[in-house]
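J.: Okay, predicted coordinates and the sequence, questions at the end:
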Amino acid sequence: MRLILLGPPGAGKGTQAQRLVQKYGIVQLSTGDMLRAAVAAGTPIGLKAKDIMASGGLVSDDIVIGIIADRIEQDDARKGFILDGFPRTVPQAEALDRLLKEKGLKLDSVIELKVNEAVLLQRVENRISEMQARGEAVRADDNAEALAKRLDAYRAQTEPLVHYYGDKRALATVDGMASIDEVTAQISRILEVPGPKAKPTSRAKAKAAPKKVGIVAKAGKRVRASETSKRAKAKKAVKTKAKKAKVAKKSAVKASSLARRAKKTAKKGRKAPSKAGKRVVGRKAAASKRAAQKVAKKVTKRRAKGRNQLTKRR
Ligand code: ADP
């Protein structure tokens, strides 16, 4: 199973991703966690990302695309993965499409956790106090100023992905304001029901022909399947019509040949050889025979009369 979790900071992507990891035995690939690990390890990528992350801005597309390309190659990602925090921009989504296509992989679903922005700051504040209570280091970007910037970045650069995947009919939206368990239940229902993950958006409907995109797994298949079934129905209708016409033609030919044979038989005064037309033809033949005998009688009578008159005249 391959999924993307979409949603603003504090929407609950990480919490739900961990539950999905347990349930499906797939890995969670969080670019945020990977970048934080790179920062902590002081790698060249970490050094580049450190300040951008702390301020709440986005690290360059090249860096995160490189990280994900390497990560999905690894053995533990073979069974499937949940992308959390990636893609975050349209170029990242396009790069992911290319990566998956190259590897012959498809996404099963993109799940958007929709939340009311007003609760986000509260949720992040709760996270900070929980981390502090556990004695964990608080994230450098978990403060009001950086959060405002992270939200701006989400609205401007990540939210367009809702349309990007909505147009491909791969998106499903869940109510991220519900309880953690309820959100998990909603996600499970989406993942367990095959078929399109979302109703087509008006933008998607506006496009006359559905785009053929490798990334839309079940949704795309369904679109193609319905087209195929329409085509198959039309083909079947034409075939049935042709078959009916053939049968009608055949029976017309049979009827006319039967009629010809009946006529012939009647002339000869013989019984029709065919089983099907036997009774009708037999009756017709007998009637014609009787008529012929009547005519013959009349002719004989007339001839006899004629002969008598001739003899009389003589
Ligand atoms: P959040 O909890 O705000 O969703 P994450 O833990 O996913 O944040 O990421 C933290 C920070 O790491 C981001 O604010 C950003 O600087 C950087 N980052 C993570 N993923 C990406 C990405 N896909 N593209 C660019 N920057 C990213």
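T.: Sure, I can see it. Numbering: from 1, shown residues only.
J.: Break this structure into its domains for me.
T.: As assigned by automatic domain parsing, the chain contains the domains 2-26+79-115+157-191, 277-314.
J.: so which strand or helix has the residue of the chain found nearest the ligand?
T.: Distance from the ligand to each residue of the chain (CB to the nearest ligand atom) is smallest for residue 32, at 2.1 Å. Where you see a C-beta, it was placed from the backbone N, CA and C, and this is true even at glycine. Using DSSP states H and E, the secondary-structure element containing residue 32 is helix 31-41.
J.: Next secondary structure after that helix?
T.: Using DSSP H and E, the next helix or strand after helix 31-41 towards the C-terminus is helix 44-55.
J.: Name the residues that touch that following helix?
T.: The contact list for helix 44-55, computed with CB atoms under 8 Å, 6 or more residues apart in numbering, reads 35-40, 58-60, 63, 67, 140-141, 146, 149.
J.: Can you mark which positions in the helix or strand following that helix are buried?
T.: Past helix 44-55, further along toward the C-terminus, the next helix or strand under DSSP H and E is helix 61-71. Of all the residues in helix 61-71, those buried under the rule 16 or more other CB atoms under 10 Å are 61, 63-65, 67-68, 71.
J.: now for the helix or strand following helix 61-71, which elements pack on it?
T.: Scanning the chain past helix 61-71 towards its C-terminal end, the next helix or strand to appear is strand 81-84 (assignment: DSSP H and E). Taking 3 or more CB pairs under 8 Å, 6 or more residues apart in numbering; DSSP states H and E as the contact definition, the neighbouring helices and strands of strand 81-84 are strand 2-6, helix 13-24, strand 27-30, helix 31-41.
J.: quick one: low-confidence parts of the stretch 151-300 of the chain?
T.: Across the stretch 151-300 of the chain, the stretches falling below the confidence threshold (pLDDT under 70) are 194-289, 291-292, 295-296, 299-300.
J.: repeat that for 90
T.: Residue ranges of the stretch 151-300 of the chain with pLDDT under 90: 168-170, 192-300.
J.: Now do residue 71 against residue 106, distance only.
T.: Look at residue 71 and residue 106: by CB to CB, to the nearest Å, they are 18 Å apart.
J.: Next: residue 76.
T.: Per CB to CB, residue 76 is found 19 Å from residue 106.
J.: In this structure residue 128 contacts residue 141, no?
T.: No: in this structure, residue 128 is not within contact of residue 141 by CB atoms under 8 Å, at 10.9 Å.
J.: who has more neighbours, those two?
T.: Applying other CB atoms under 10 Å to residue 128 and residue 141 shows that residue 141 carries more neighbours, namely 20 against 15.
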